[in-house]
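Q: coordinates for the following, if possible.
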Amino acid sequence: MTTKTTHHPLPPHYDPSQYPAFAVTVDVVVLTMSDSRLHVLLVRRGVPPFEGMWAIPGGFKRPTETLDGAAKRELAEETGVDGASLLTQFGAYGDPGRDPRMNVVTVAYLAVLRDVRGIAAGTDAAAAALIPVSEALNGKIKLAFDHAKIVRDAVERVGVDLDLTGIATAFVGPTFTFAELRAVYEAVWGVQLDGANFRRSIVAEDGWVVPTGRRARPGSAGGKPAELYRAGRMWKHGSPIRRSQPNGRRKGDS
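A: Here you go, the predicted structure:
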């Protein structure tokens, strides 16, 4: 369904040139879990400014497209990833000097994907890859523009959503183990949760998980493979795990 835009004539004596010009861009933060760690999809810039540095995918909005349309196009063009149906706006950034080319306001989008496949650099990106979020935020990998702040804000947004929504299930597959689900909360919140308490919180009320009767593939350490579950109906209404619950400790605590 397309929305028609009604064009009205300019008011008399209105002169657009009397106002400072600025551009609008879109930037897309794609978060996913890999090896029990939170990762972000980054591209290595192939053009100035910040040529050779890592950045989140994005670019200028074309005059004839919507913000959503620009975000979908830029993500596909620069990374080959189709996360269009999952994109949501979470912030806007317009500090003077954030872009050395001109005054640029960017609208930031977030996509949580359980599996990022077919990553391929395109257009003005020299490379595209999944990078651990911790390396992008602790300065180990220097990001272009103000993208470190945008990534940090995206992770904080997901951290809040973990408390209030069923977004945790967007990080795992159609079937998952308790350890895989717990790893999502630990990676986003930066905490270590007690496995037994975590399991009790989820099974205390019907509707959070449904046993599949199957088990995961045996791990390299041996032992009995973990049970596989699928998400129940309750995730549509919130989360069984709250950040305020005293069932874990922050990583680094003694």
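Q: and the contacts of stretch 81-88?
A: Under the contact criterion Cβ atoms under 8 Å, 6 or more residues apart in numbering, stretch 81-88 has outside partners 28, 30, 41, 68, 71-72, 75-76, 109-113, 116-119, 170. C-beta here means a position set from N, CA and C on the backbone, and glycine is covered the same way.
Q: low-confidence ranges in the stretch 1-150 of the chain?
A: Applying pLDDT under 70 to the stretch 1-150 of the chain flags residues 1-6, 84, 121-126.
Q: hang on, the earlier thing: among the contacts of stretch 81-88, name the ones in helices.
A: Asp68, Ala71, Lys72, Leu75, Ala76 (DSSP state H).
Q: in CSV, list these along with neighbour count and distance to Leu164.
A: Converted to CSV, those look like this (neighbours: other Cβ atoms under 10 Å; distance: Cβ to Cβ, whole Å):
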residue, neighbour count, distance to Leu164
Asp68, 15, 23
Ala71, 29, 23
Lys72, 21, 26
Leu75, 27, 25
Ala76, 17, 30
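Q: let's have these in a markdown table, adding distance to Glu186.
A: Listed next are the ones in helices among the contacts of stretch 81-88 as a markdown table, based on distance: Cβ to Cβ, whole Å:
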| residue | distance to Glu186 |
| --- | --- |
| Asp68 | 32 |
| Ala71 | 29 |
| Lys72 | 31 |
| Leu75 | 27 |
| Ala76 | 31 |
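Q: need the max-distance pair from those.
A: Greatest spacing in these, by Cβ to Cβ: Asp68 and Ala76 (12.8 Å).
Q: that older thread, emit the ChimeraX select command for whichever of the contacts of stretch 81-88 are buried.
A: Here is the ChimeraX selection string for the buried members of the contacts of stretch 81-88, based on 16 or more other Cβ atoms under 10 Å:
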select :28,30,41,71,72,75,76,109,110,111,112,113,116,170
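Q: now, the contacts of stretch 81-88 that are in strands?
A: Judged by DSSP state E, strands contain the following of these: Val28, Val30, Leu41, Tyr109, Leu110, Ala111, Val112.
Q: what's near enough to touch the closest residue to the last one other than its chain neighbours?
A: Looking back up the chat, that one is Val112. Closest residue to Val112 in three dimensions, ignoring its sequence neighbours and counting by Cβ to Cβ, 6 or more residues apart in numbering: Ala170, at 4.4 Å. The neighbours of Ala170, taking Cβ under 8 Å, 6+ apart as the test, are Leu86, Val112, Leu113, Arg114.
Q: distance of the first one from Leu110?
A: Counting by Cβ to Cβ, to the nearest Å, the gap from Leu86 to Leu110 is 9 Å.
Q: how is the chain carved up into domains?
A: Domain segmentation of the chain under automatic domain parsing yields 20-145, 164-249.
Q: dump the ones you listed into TSV; add distance to Arg152 as well.
A: Converted to TSV, those look like this (distance: least, Cβ to Cβ, whole Å):
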stretch	distance to Arg152
domain 20-145	6
domain 164-249	12
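Q: okay, the ones you listed, which one's buried deepest?
A: When you average the neighbours per residue for each of those (mean count of other Cβ atoms under 10 Å), domain 20-145 leads with a mean of 17.
Q: centre of the chain to that domain, how far?
A: Centroid displacement of domain 20-145 relative to its chain, using Cα atoms, centre = their mean, to the nearest Å, is 10 Å.
Q: when you give positions from now on, start the count at 49
A: All right, first residue 49 from here; so that's domain 68-193.
Q: gap between stretch 275-282 and the chain center?
A: For stretch 275-282 - counting by Cα atoms, centre = their mean - the centre lies 23 Å from the chain centre.
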